Structures are given as C-alpha cells and as structure tokens.
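K.L.:
sequence below, structure please.
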Amino acid sequence: MAISLSVNLDKIALLRNSRDAKNRPNLLFFAEQALLAGADGLTVHPRSDLRHILPQDVYDLSKLDGAELNIEGNPLVPANKHHPGLLEIVKLAKPVQCTLVPDDEQQITSNRGWLLAENISTLSPIIQQLKDWHIRVSLFMDATSGEFKLAQQMGVDCIELYTESLALAWGTKDESRVWREFERAAYEVRDCGLMLNAGHDLNLDNLRLVKKLPNLAEVSIGHALIAEALWLGLAETIKRYKSLLD
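P.N.:
Have a look, this model is predicted:
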C-alpha cells in the first residue's frame, strides 16, 4: 500500500504573513493545487504567536472538499487574545487527525517528542476529548522513546516518529545505527496496534531511506517540499514525492 503524503502549508502562510500583502500567496489556492497534484492530506500547525497559520486559515481549510486535514500543536500552550488554543481550534475545524506536539511558544520548530510518563495526567483527558469528537489522535515521539505501549494505553491511534536524526544520518557513517533505532521503533509501534506516521526534515533525498520504515502509513512534509517547489513548481514537486512514495 502506498504511503500517504500530507503537505504542510505553514511556510506558505509564513511567506504571506511576512509582508502586508493581504492574501498573497493565497493559502487556499495552494492547498487546492496541492490536492489536485496528488497530495493525500494537508497539515497545519497554528502557533499561538501567529507566525504562520492563523486560526481562520484552519477553519477555511476544513471546508475544502477531499482534504484530509491534520492539525498539529501543543494542547498545553495557553490561549491568548489572538489564539483560542489548540483544542478550541480543533473543536471548530473537526480535522481527520490531530497530532499533539510538545513544543513551546519560543521554538522555531519542533525538536523532540513527548515524555509521556511526565505528562500522562494532563494528556490523557485531552486525548479522550479528541476521541469523543471522533478525531484520530497522533503523538509526536522520538524513536528512542520506549513509551509506545503507554501511548497505546492512553488511547491514541497513531505515533508520528520525529525523523530529524534519521534524516540527518542519511548518507553518513551513522546511517545504519540510527536506522536500527527507527526500525525497532516502527516494529514496536506496529506491535502496539498503532498507525505509524513520520515527519520532520524529510526531503526528496532522505525520504528514500525513511520510506522503508516497516508499516509506515503517512509522512508529513513542509519546509523542504515548499523549498523544492520554488525550483520545480508545487505540482511537479508533489508528483515527485508521490512517485517516490508509491
């Protein structure tokens, strides 16, 4: 079965927000073009500082036909006057999937997975609330975590492996060692009966390695895909990713 591609739109919104250009580039237009080019889903990460994806963007994207929407974020970051908080956005948008990520407001990007044992009391009711809304729940976790069984017990559906270390190891002397860590994690996730996703620092080169992870169902790619699209065009870039994943 082919691995699904979810296109992260954050960098398109970042470019739009960098100038008072109203709606250029138009996020919805590029979301539609991504789907027409073969993307299986769309990913957004609405941060509380509004650096890229805005709450209204999420609500607009949720209305697109044929879009499997994945909303990422940290449900523990408090709401502010501009951002109602992750759960409120998810409640209104009703995405297919919500990926819980343990980043804070100061981070440029996500840089680690959850430490579940330390957060079980706060995350468990949040996971249950998302399940009550009939939303698939994914947890962003490190391959070396060792807490996949705990994730299963907490009621999640998916694990998204944080792939920065594997992406950076591709083509280096560390590739075999890091690959074994990820392969072992993939089998542990499978044995827990959970869906396996992957994301972070993936591109058309290192994805040739990452796509070999056992039972990998979905990859979420944004930064590299948008950067490659500057040269190749969005449709051609997505077609290349889909060809590689197929």
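K.L.:
tell me the secondary structure at the most centrally placed residue in the chain.
P.N.:
The centroid of the chain falls nearest to S220 when counting by C-alpha atoms, centre = their mean (4.8 Å). Three-state call for S220 (DSSP: H, G, I helix; E, B strand; the rest coil): strand.
K.L.:
ok, the closest residue to it other than its chain neighbours - how many residues close by?
P.N.:
Counting by C-beta to C-beta, 6 or more residues apart in numbering, S220 lies nearest to G199, which is 3.8 Å off, once chain neighbours are set aside. The C-beta positions use only the backbone N, C-alpha and C, and glycine is treated the same way. Counted by other C-beta atoms under 10 Å, the residues lying close to G199 total 27.
K.L.:
before we move on, what about P25?
P.N.:
Applying other C-beta under 10 Å, we find 11 other residues in the vicinity of P25.
K.L.:
that one and I12 touch, don't they?
P.N.:
Yes: counting by C-beta atoms under 8 Å, I12 is a contact partner of P25 at 5.6 Å.
K.L.:
re earlier: mind pulling up the pLDDT for the residue nearest to the centre of the chain?
P.N.:
pLDDT, S220: 97.
K.L.:
shouldn't it be in contact with N70?
P.N.:
Yes: assessed by C-beta under 8 Å, S220 is found in contact with N70 at 6.7 Å.
K.L.:
please, where are all the strands along the protein?
P.N.:
4-8, 41-44, 68-73, 97-100, 136-141, 158-162, 195-199, 216-221 (DSSP state E).
K.L.:
those strands into TSV, with extra columns for distance to W231?
P.N.:
Shown next, in TSV, are the strands of the chain (distance: least, C-beta to C-beta, whole Å):
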stretch	distance to W231
strand 4-8	16
strand 41-44	22
strand 68-73	26
strand 97-100	28
strand 136-141	29
strand 158-162	27
strand 195-199	22
strand 216-221	16
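K.L.:
K239: which of the ones you listed is closest?
P.N.:
Within the strands of the chain, the stretch nearest K239 is strand 4-8; the backing value is 10.4 Å (C-beta to C-beta).
K.L.:
okay, buried residues for that closest one please.
P.N.:
Buried residues in strand 4-8, defined by neighbour count with 16 or more other C-beta atoms under 10 Å: 4-8.
K.L.:
just for this protein, where's the confidence low?
P.N.:
For the chain, the stretches flagged by pLDDT under 70 are 21, 105-111.
K.L.:
if we use 90, what do you get?
P.N.:
1-2, 19-23, 65-67, 78, 82, 103-112, 246 (pLDDT under 90).
K.L.:
so which residues of it form helices?
P.N.:
10-17, 27-36, 55-61, 86-93, 116-132, 148-153, 164-169, 175-191, 207-210, 223-232, 234-245 (DSSP state H).
K.L.:
contact partners of the fifth one?
P.N.:
For helix 116-132, the surrounding residues in contact (C-beta atoms under 8 Å, 6 or more residues apart in numbering) are 75-76, 87, 90, 98, 100, 102, 114, 137, 139, 141, 145, 147, 150-151, 154-156.
K.L.:
phi, psi of the spatially closest residue to A224 that is not a sequence neighbour?
P.N.:
Excluding the flanking residues, the one nearest A224 by C-beta to C-beta, 6+ apart is N203, at 3.7 Å. Note on N203: its backbone torsions stand at phi -150, psi -180 [degrees, to the nearest 10].
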